[in-house]
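Chemist: The sequence and its predicted three-dimensional model are supplied below.
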Amino acid sequence: MKKIVLFIFLISTISFAQFKVEGTMVPTIKTDWVILYKVEGTKQKFIKNTTIKIDSVAIQGKKQAIGTFSFTLPKTAKVGAYRISYRLKGGGFVDFFYNKEDVSFGFHPDYPSQSVTFSKSKENITYKTFTEEYTNTRHELDSIQVAALNNIDTDYQKAYSKVYNKLTNLHKSYIKKAENMYVLPFIKASYRAPSKELLKSPKDFISSMKNTFFDSTDFTNKSLLNSSFLVDRITDYVFYVNYSEDLETQKKLYKESVELLIPKLKDDVFKKEVLEFLINRFENQKNIALVDFLLETQYNKLPKEIQNTSFKEEKIKLLAAEIGRVAPDFSWKEGEETLKLSTLKDKKNYILVFWSTGCSHCVREVPKLHEFLQEKDSIGVVAFALEKDDLGWKNFKPNLPGWYHVLGLKKWENKIARTYNIYSTPSYFILDKNKKIIAKPEELKDVKAFIEKL
């Protein structure tokens, strides 16, 4: 009977067990909320939020304000990768793993990933200790390799072999230590196998790093897919390993890195998320060529049912008026004649300026542009006025003879203004004879400087 009661007690304890996630910020910051997310690939799912409790403690003889917070995870909380986010403006977060155990950690809010220390959670302590030891040993090995490349007359192979063995043994020991733990696939995937022998040239070193970067990465592992790990690795590979200061070489490296990476992603949904992540990164860089490349050669090859049509249309629209694109076409009337931007052929280059008579800065600056261009016969100007009505525009445009004049009613809501992503006036676009956008100067002085170089 006692055994049955004990068994029922154990089952009940397991069924209703709850676990806590506790954090300490030292020093604390002025913020009200800490938010807990479940990380799933490139996305994060809101779990709950809490407030920070601020206390004052003595640290090395000085009073220091610290912030503490705590989450009690629901019984339904899934094992996996989680994130606490704070300082909503400017961002700040700490990532950790949850596997049915209490998690406790402290960190500095200004550099959380470097400072985080776990005091509870075997999973997180094991993984954190591994990453620190592995990173330090890998840096030691790479330093010997760099020294060998810089001092070709010195034999570094013995020292290199010693650290090489240290690194491989370290990795093996942690694989054994993490057996049956959730962090095991992360420890396995973190390993980037180095060359057993010293490499003879920087080119060989870079090539070896690129060729082995994903050798230990299992892109089908569900734990890796449902974390930020793979996305972080992909970011490092595409944007940092494949780097060149030469713009054309960089463009080529980006394309090569994507062509090597994408076939490794076997899960179509994850592949879609990665492609959208990369497209957003290149969009932020205003790198139209790579956005187009990813959409045309990779995204459009995804199964139709998982493609996001609105996502594609949004990216094309957002970049419609960026440097390198042909300026979006529009037409207008001058007298009885209908004109189109695309069919203008009377000048070598054109300046498209969005302005408004209701903008005092425009009223001062646009006449100065007109004066500057008086002897620039190869430059045409299309002055697109964003107005609520035509009264001020009709009175002002006679001051700007020789230009093409377009009236754009509805001001900021004007369809053409939206196509060109106009949020302020004046906004300048310099076009070549084929109406390709070759520059987007921010100020009149920049317009003048660019025109002088044509």
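Modeler: That came through fine. Numbering: from 1, shown residues only.

Chemist: drop to CA atoms for contacts and neighbour counts, all remaining ones
Modeler: Will do.

Chemist: can you pull the pLDDT of residue 2?
Modeler: Looking at residue 2, its pLDDT reads 50.

Chemist: Repeat that for residue 145.
Modeler: The model reports residue 145 with a pLDDT of 96.

Chemist: Now it: phi and psi?
Modeler: Backbone torsions of residue 145, given as degrees, to the nearest 10, read phi -60, psi -40.

Chemist: can you count the residues close to it?
Modeler: 24 (other CA atoms under 10 Å).

Chemist: ok, it - contacts?
Modeler: Shown in contact with residue 145 (CA atoms under 8 Å, 6 or more residues apart in numbering): 156, 160, 198-199.

Chemist: For residue 358, see how far away residue 121 is.
Modeler: To residue 358, residue 121 is 62 Å away according to CA to CA, to the nearest Å.

Chemist: So between the two, which is more surrounded?
Modeler: Ranked by neighbour count (other CA under 10 Å), residue 121 and residue 358 place residue 121 first, with 19 against 15.

Chemist: if I pick that one, what's in contact with it?
Modeler: Counted by CA under 8 Å, 6+ apart, residue 121 has contacts 101-104.

Chemist: Verify the contact between residue 255 and residue 292 for me.
Modeler: No: applying CA atoms under 8 Å, one finds residue 255 not in contact with residue 292, separated by 11.1 Å.

Chemist: Mind telling me what element the residue positioned nearest the centre of the chain is part of?
Modeler: Per CA atoms, centre = their mean, the C-alpha nearest to the average position across the chain is that of residue 281, at 4.5 Å. According to DSSP states H and E, residue 281 maps onto helix 268-284.

Chemist: Tabulate the CA atom coordinates of whichever helix or strand comes after that helix in CSV.
Modeler: For helix 268-284, the following helix or strand on the C-terminal side (DSSP H and E) is helix 288-297. Output in CSV follows, covering the C-alpha atoms of helix 288-297 (Å, rounded to 0.1, in the frame of the first residue of the first chain):
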residue,chain,number,x,y,z
ILE,A,288,19.1,45.6,-54.6
ALA,A,289,21.2,43.2,-56.6
LEU,A,290,21.2,40.6,-53.8
VAL,A,291,17.5,41.1,-53.0
ASP,A,292,16.8,40.4,-56.7
PHE,A,293,19.2,37.5,-56.8
LEU,A,294,17.6,35.8,-53.7
LEU,A,295,14.0,36.4,-55.0
GLU,A,296,14.7,35.2,-58.5
THR,A,297,17.1,32.3,-58.0
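
Chemist: the strands in the stretch 151-300 of the chain, which residues?
Modeler: Using DSSP state E, counting those that start in this stretch, the stretch 151-300 of the chain contains no strands.

Chemist: ranges for the helices of it?
Modeler: 157-177, 184-190, 202-212, 222-225, 229-236, 247-261, 268-284, 288-297 (DSSP state H, counting those that start in this stretch).

Chemist: Including distance to residue 130 and mean pLDDT, could those go into a markdown table?
Modeler: A markdown table is the format used below for these (distance: least, CA to CA, whole Å; pLDDT from 0 to 100):
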| stretch | distance to residue 130 | mean pLDDT |
| --- | --- | --- |
| helix 157-177 | 7 | 97 |
| helix 184-190 | 8 | 97 |
| helix 202-212 | 20 | 92 |
| helix 222-225 | 17 | 96 |
| helix 229-236 | 15 | 96 |
| helix 247-261 | 26 | 94 |
| helix 268-284 | 27 | 95 |
| helix 288-297 | 35 | 92 |
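
Chemist: With distance to residue 400 as new columns, can the ones you listed be given to me in JSON lines?
Modeler: Output for the helices of the stretch 151-300 of the chain, formatted as JSON lines (distance: least, CA to CA, whole Å):
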{"stretch": "helix 157-177", "distance to residue 400": "72"}
{"stretch": "helix 184-190", "distance to residue 400": "64"}
{"stretch": "helix 202-212", "distance to residue 400": "57"}
{"stretch": "helix 222-225", "distance to residue 400": "60"}
{"stretch": "helix 229-236", "distance to residue 400": "50"}
{"stretch": "helix 247-261", "distance to residue 400": "39"}
{"stretch": "helix 268-284", "distance to residue 400": "36"}
{"stretch": "helix 288-297", "distance to residue 400": "34"}
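
Chemist: With respect to residue 19, which of these lies nearest?
Modeler: helix 222-225 (20.3 Å; CA to CA).

Chemist: Can you point out the buried residues in stretch 94-113?
Modeler: 94-110, 112 (16 or more other CA atoms under 10 Å).

Chemist: ok, and what's touching it?
Modeler: Applying CA under 8 Å, 6+ apart, the external contacts of stretch 94-113 come out as 19-29, 78-85, 92-93, 115-121, 123-124, 182-183.

Chemist: same thing with stretch 334-347?
Modeler: 329-333, 377-380, 405, 433-435.

Chemist: The residues you listed, buried ones only, as a PyMOL selection?
Modeler: Command for PyMOL, covering only those of those found buried under the criterion 16+ other CA under 10 Å:
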select buried, resi 332+379+380+405+433+434+435
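
Chemist: In helices only, show me the contacts of stretch 334-347.
Modeler: Judged by DSSP state H, the subset of the contacts of stretch 334-347 located in helices is empty.

Chemist: Dump the contacts of stretch 334-347 to JSON lines, plus distance to residue 263.
Modeler: What follows is the contacts of stretch 334-347, written out as JSON lines (distance: CA to CA, whole Å):
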{"residue": "329", "distance to residue 263": "37"}
{"residue": "330", "distance to residue 263": "41"}
{"residue": "331", "distance to residue 263": "44"}
{"residue": "332", "distance to residue 263": "48"}
{"residue": "333", "distance to residue 263": "51"}
{"residue": "377", "distance to residue 263": "53"}
{"residue": "378", "distance to residue 263": "49"}
{"residue": "379", "distance to residue 263": "48"}
{"residue": "380", "distance to residue 263": "48"}
{"residue": "405", "distance to residue 263": "51"}
{"residue": "433", "distance to residue 263": "41"}
{"residue": "434", "distance to residue 263": "38"}
{"residue": "435", "distance to residue 263": "37"}
